[in-house]
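Sequence and predicted structure are below.
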Amino acid sequence: MIVTTSSNPNPEMLLRVNDISNLLGIHYVKRGKLSIGQLMEKYAVNEIIVVEKEHSKLYSKDLKQPFFFHPSMAVLRINRIKQGDNDLMIKISNLKPGDTFLDCTLGLASDSLVASYVVGKEGKIVGIESQPILAALVKDGLNRGWKDDQDLNDAMKRIEVVNGNHYEVLSKLPENSFDVVYFDPMFRKGIKSSAAISPLRTIANPDPISYEAVIEAKRVAKKKVILKENIKSNEFERLGFERVIRSSSTTYGVITMGEEDE
């Protein structure tokens, strides 16, 4: 894998290239006038990250279309919250302004974005992503922000992205250091997904949540540990979660750790 830019990169794009190169340990090559296919052939690689002005895109021989970060459903969910509608995850977690939220399976950061909007500037959001490529692209996208919506822009830039194994990260955190610890192993089972999310299957982590990780999550969480899973999943029983709410395709499970604010 290599990282490059679109034609005529500006200084800000080159800084982003440097961040991605350092995070992934890959080389930066100047684009010149070569196409993506020509770059793959010249450098004998199957994957290239291209830093553009608005996005950083992953091109891969395994993908029908390039993958890049987009806030997607988080935009709609935040707009609904602004209009006074309930969000299932926020209702289950009982997040409030100033709370702290640890997302152990960051993925495309949709849940973390909604949580970040709710907890506001006094709160704290940390997202752990085990897959380095995904972590790099999502971190770059979050840092870019969202010019069309100041609230979303602020929520994006408040999220701290950590690339690592969530069990290892959890095991090093102090007790009661986050109000809510959250798991959403989105591609553990082959459920249908949108065209925007489908390319993520090739780089996302399909592993189930371990019982040991839940033990650590319970130690770290002050209020709740939450698991989002397929509605037919047996993971809630295996990991000790109580099913509390169902939608058309997913269920939330909760382990309550302490008394909550009303």
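On my side now, so go ahead.

pLDDT wise, what is Ala196 at?
The confidence metric pLDDT takes the value 49 at Ala196.

repeat for Ala204
As summarised for this prediction, Ala204 has a pLDDT of 74.

Okay, it and Met13: tell me how far apart.
Taking CB to CB, to the nearest Å as the criterion, Ala204 is separated from Met13 by 26 Å. C-beta here means a position set from N, CA and C on the backbone, and glycine is covered the same way.

Spatially, which residue comes closest to Met73, not counting chain neighbours?
In this structure, Met73 finds its nearest non-sequential neighbour in Ser110, 5.2 Å apart by CB to CB, 6 or more residues apart in numbering.

ok, now Leu58?
In this structure, Leu58 finds its nearest non-sequential neighbour in Phe67, 4.5 Å apart by CB to CB, 6+ apart.

So what does Arg16 look like in phi/psi?
Arg16 adopts backbone torsions of phi -70, psi -40, taken as degrees, to the nearest 10.

State the distance from the closest residue to it other than its chain neighbours to Tyr43.
Using CB to CB, 6+ apart and skipping the chain neighbours, the partner closest in space to Arg16 is Val51 (5.1 Å). Applying CB to CB, the value for Val51 to Tyr43 is 16 Å.

and those two? which has more neighbours close in?
Counted by other CB atoms under 10 Å, Val51 and Tyr43 do not tie: Val51 has more neighbours, with 25 against 14.

any idea how far Asp149 is from Gly258?
34 Å.

Compare those two and say which is more crowded by neighbours.
Neighbours per residue (other CB under 10 Å) separate Asp149 from Gly258, with Asp149 holding more: 17 against 10.

show me the contacts for that one.
Val75, Ile78 (CB atoms under 8 Å, 6 or more residues apart in numbering).

cool, Phe101 as well?
The neighbourhood of Phe101, defined by CB under 8 Å, 6+ apart, consists of 93, 95, 112, 115-116, 119, 123-126, 178-180, 182.

where do the strands sit along the stretch 101-250 of the chain?
With strands called from DSSP state E, counting those that start in this stretch, the stretch 101-250 of the chain shows them at 124-129, 159-163, 178-183, 221-230, 242-246, 250-256.

Give me the contact list for the second one.
Surrounding strand 159-163, the residues in contact under the criterion CB under 8 Å, 6+ apart are 23, 106, 109, 112-113, 116, 124-130, 132, 135-136, 138-139, 142, 169.

likewise the third one?
With CB under 8 Å, 6+ apart as the test, strand 178-183 has contacts from 89, 93, 95, 99-105, 111, 115, 124, 126, 166, 170, 209, 213-214, 217, 220-228.

from these, which would you call buried?
For these, a burial check counting by 16 or more other CB atoms under 10 Å picks out 89, 93, 95, 99-105, 111, 115, 124, 126, 166, 170, 209, 213-214, 217, 220-228.

Now do Arg238, the pLDDT please.
Looking at Arg238, its pLDDT stands at 94.

That one and Ser210 touch, don't they?
No - look at Arg238 against Ser210 with CB atoms under 8 Å: they stay out of range, at 10.1 Å.

shaky segments in this structure?
The model of the chain has pLDDT under 70 over residues 186-202, 246-248, 259-262.

hmm, try it at 50
188-192, 195-196 (pLDDT under 50).

Going by the annotation, which residue ranges form each domain of it?
The chain breaks down by the TED database into domains covering 2-68, 73-256.

Can you say which of the ones you listed is packed in most?
The highest average neighbour count among the domains of the chain, using mean count of other CB atoms under 10 Å, belongs to domain 73-256 at a mean of 18.

What's the end-to-end length of it?
27 Å (CA to CA, to the nearest Å).

Check the offset of that domain from the chain's centre.
Between the mean C-alpha location of domain 73-256 and the chain-wide mean there is a distance of 7 Å, by CA atoms, centre = their mean, to the nearest Å.

Would you map the helices across the stretch 1-150 of the chain?
Taking DSSP state H, counting those that start in this stretch as the criterion, the stretch 1-150 of the chain carries its helices at 11-24, 36-43, 73-82, 88-93, 110-119, 132-144, 150-158.
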